[in-house]
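Q: Below is the sequence, then the predicted model.
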Amino acid sequence: MARWWHIRAVVTVGLATFLFPLAPVRAEPAYIPLVRDYVDKQIRPMVETPLVLKAIAQFDNVSEMDMRVLDETYRSEVDQHQLHMVKLLLDKSVSHYLKARQDTSQGVIVEFFVTDSHGLNVGQSTITADYWQGDEEKYLRTFANSSREIFIDRAERNESTQNLETQASFVVMDEENRPIGVAIVTIAIDAL
């Protein structure tokens, strides 16, 4: 009798596992491998240049209070269209370099910027919404998480251009393979 109970239990568990899998298998969206490949082959080499690495390395000890004040000042200037801090950042040679890479990308790169180890913008191709990225997922899922993977955010339709866009970010390493910052690029998936 106990043996039949055991057989019945094994058959029931096996049948339930077959009919009701524990976790649904999710395939990654089709754009993820395309974006990952583009970032690895096109964006990383653009970032791993002496100009970008030197620009990132120049930033160092900044207090959390200073970061917040800088970010608030930057966002206030953007909101009020008084772009003193933004212009200083856009006038840097690293920003000109990132803008040139964006301009020659045939519409693939929508926005391109790099941060220091704190998440503060060091160079940018366009005006960004804020100056400090340290509280955002693109920084938290890469630098703050000590990840060497490319973080690719959820794709969204840009209302003004109607392009499907995503943001990809990865940790920037110096010549001695130490993490020094984050590169963030907004990619127009439709242009890939």
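A: Here it is on my side, so go on. Only a predicted model underlies this, so the values are computations on that prediction, with no experimental measurement involved. Numbering: from 1, shown residues only.

Q: in the protein, which spans are strands?
A: With strands called from DSSP state E, the chain shows them at 109-115, 121-124, 151-152, 156-157, 164-173, 179-188.

Q: what's the spacing between the third one and its chain's center?
A: The chain centre lies 5 Å from the centre of strand 151-152; the measure is Cα atoms, centre = their mean, to the nearest Å.

Q: Quick check: neighbours of that strand in the sheet, parallel or antiparallel?
A: With DSSP bridges as the test, strand 151-152 is paired with strand 164-173 (antiparallel).

Q: The strand it pairs with - what's its average pLDDT?
A: For strand 164-173, mean pLDDT is 97.

Q: Buried residues, it. List them.
A: Going by neighbour count (16 or more other Cβ atoms under 10 Å), the buried part of strand 164-173 is 164-173. To be clear about C-beta, it is placed using only N, CA and C from the backbone, and glycine gets the same treatment.

Q: what's near enough to touch the residue nearest the centre of the chain?
A: In the chain, the C-alpha nearest the mean C-alpha coordinate belongs to Ser169, at 2.4 Å (Cα atoms, centre = their mean). Counting by Cβ atoms under 8 Å, 6 or more residues apart in numbering, Ser169 makes contact with 138-139, 141-142, 150-151, 153, 182-185.

Q: doesn't Pro179 make contact with Met173?
A: Yes - look at Met173 against Pro179 with Cβ atoms under 8 Å: they come within range, at 6.0 Å.

Q: Distance from the chain centre to stretch 64-82, please.
A: Counting by Cα atoms, centre = their mean, stretch 64-82 comes out at 21 Å from the chain centroid.
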